[in-house]
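Could you work out the structure for the sequence below:
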Amino acid sequence: MKKGKTAVLAVCLAVSLLAGCQRKIEPISKSGFLLNTFVTVTLYDKDDPKILNECLDICRSYENVFSKTIEGSEVYEINHRPAQESSVKLSPDMAALLSKGLYYSRISGGDFDITVEPLSSLWDFTAPNPVVPPSDEISAAVKKVGYQNLKLDDDTLTFLSPDTSIDFGAIAKGYIADRMKDYLLEQGVRSAVINLGGNVLCVGNKPDGSPFKIGLQKPYADRNETIETLNIEDMSVVSSGVYERHFVKDGVNYHHILNPRDGYPYDNGLVSVTILSKLSVDGDALSTTCFSMGLEKGMELLNSMDDVYGVFITADGSVHYTEGAKDFLVTSP
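Okay, the predicted model is just below:
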């Protein structure tokens, strides 16, 4: 799946034990290449490889629903519907995710747009020799973008324009992580970390009761170099940034977060946005939404929401925190 999220988090998953505390179970992990990234699940309180296998299988099954490039996926079929077909029935998962996508499209005033697919498919940031698409093709694709052309009524999606297509690249990872967490909880897991290529969802806390420690990657630096470390318990940490899925052409940095209004990457002084939230689907959507809205409006939006926090990094290296975000910082003893 071509994702609009990049692996911009350095994840510190080592569990430190209190002196004298005995561990009966060693952590077990399994990784797989899914969603065009490396997906890793680590269990801290269950020594059961079957749970890991089935958790990754869940991820794979959702990729086969939400990918816009896998032929036969639900999204692929929707985007390649017959021209005369204006309404389609959706699976429950598709309807739920689309509802989220439309919500964030509305509250951002279209800065984030779930129908950006005509544009996102023009840009290839992973090609060996990436190029800027021709301006006339970008202009033509912009005219096809507009979440207002979607009408969702329960499980029925109606297209008001035959040119409209959808792209869940900026939101699907979070939804999938939430479903993987649901499965782990059903299996009795109470301490785990789900890492979908940088979208990190912590299940509970460490077995010793302390928080997981998640590092925020320093922009343009080695993946292991962090600017801050966060204490995270039973929450999601998701970042969107300009420095991983990108290329430089004639001195200009072209990154994957596209402005639906002009078809080119946003250039608003932001380098990355990190969201802390209970649900990973909200963190996934909000990291792109707030990046798209810019520093002022993005922080204003987060400060108006409950139990959601943000860390913004600007091009000059400054770090900005929304209300309550600093409470998660690991402080030196």
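
Give me the contacts around stretch 246-253.
Under the contact criterion Cβ atoms under 8 Å, 6 or more residues apart in numbering, stretch 246-253 has outside partners Phe125, Pro130, Val131, Val132, Val242, Tyr243, Tyr254, His255, His256, Pro265. Using the backbone N, CA and C atoms, a C-beta is placed for each residue, glycine as well.

Filter the residues you listed down to the buried ones and hand me the ChimeraX line.
Those of the contacts of stretch 246-253 that count as buried under 16 or more other Cβ atoms under 10 Å are selected in ChimeraX with:
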select :125,130,242,243,254,255,256,265
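
Quick check: the farthest pair among the contacts of stretch 246-253?
Greatest spatial distance in these: Val131 and Tyr243, 19.3 Å, computed using Cβ to Cβ.

now the helices for this structure?
49-66, 74-79, 92-107, 117-120, 135-142, 172-186, 280-293, 295-303 (DSSP state H).

For the first one, buried residues please.
What that stands for is helix 49-66. Ile51, Leu52, Cys55, Leu56, Ile58, Cys59, Tyr62, Glu63, Val65, Phe66.

wait, what's in contact with the fifth one?
Applying Cβ under 8 Å, 6+ apart, one finds that Ile58 lies in contact with Ile176, Arg179, Met180, Tyr183.

Could you measure from it over to Thr40?
Distance check for Ile58 against Thr40: by Cβ to Cβ, to the nearest Å, it reads 14 Å.

got it, and the second one?
Applying Cβ to Cβ, the value for Leu52 to Thr40 is 10 Å.

And for the third one?
With distances taken as Cβ to Cβ, Cys55 is found 10 Å from Thr40.

Touching both of Leu52 and Thr40, which residues are there?
Common neighbours of Leu52 and Thr40 (Cβ under 8 Å, 6+ apart) are Ser29, Lys30.

give the contact list for the most centrally placed residue in the chain.
The centre of the chain sits closest to Asp284, judged by Cα atoms, centre = their mean, with a distance of 3.4 Å. Neighbouring residues of Asp284 by Cβ under 8 Å, 6+ apart: Lys5, Ala170, Ile171, Ala172, Lys173, Gly174, Tyr175, Ala177, Asn199, Ser236, Val238, Ile275.

Look up the pLDDT of it for me, please.
pLDDT recorded at Asp284 is 96.

What sits closest to it if chain neighbours are left out?
Distances taken as Cβ to Cβ, 6 or more residues apart in numbering place Gly174 nearest to Asp284, at 2.8 Å, with adjacent residues excluded.

Tell me the predicted confidence for the one you found.
97.

for the one 10 residues further on, same thing?
Per-residue pLDDT puts Leu184 at 98.

Also Lys5?
Model confidence at Lys5, given as pLDDT, is 46.

okay, and the helix or strand of this protein with the least pLDDT?
strand 9-12 (a mean of 44; mean pLDDT, DSSP states H and E).

so who does Gly263 touch?
Leu119, Leu122, Pro133, Ile138, Ser139, Ala141, Val142.

hmm, try it at 10 Å
By Cβ atoms under 10 Å, 6 or more residues apart in numbering, the residues touching Gly263 are 116, 118-120, 122-123, 133, 135, 137-143, 145.

try Asp163
Ala83, Thr115, Pro118, Ala140, Ala141, Lys143, Lys144, Val145, Gly146, Asn149.

and the residue nearest to Val281 when sequence neighbours are not counted, how many residues sit next to it?
Once flanking residues are discounted, Val281 sits nearest to Gly174: 3.8 Å by Cβ to Cβ, 6+ apart. Using other Cβ atoms under 10 Å, Gly174 is surrounded by 29 other residues.
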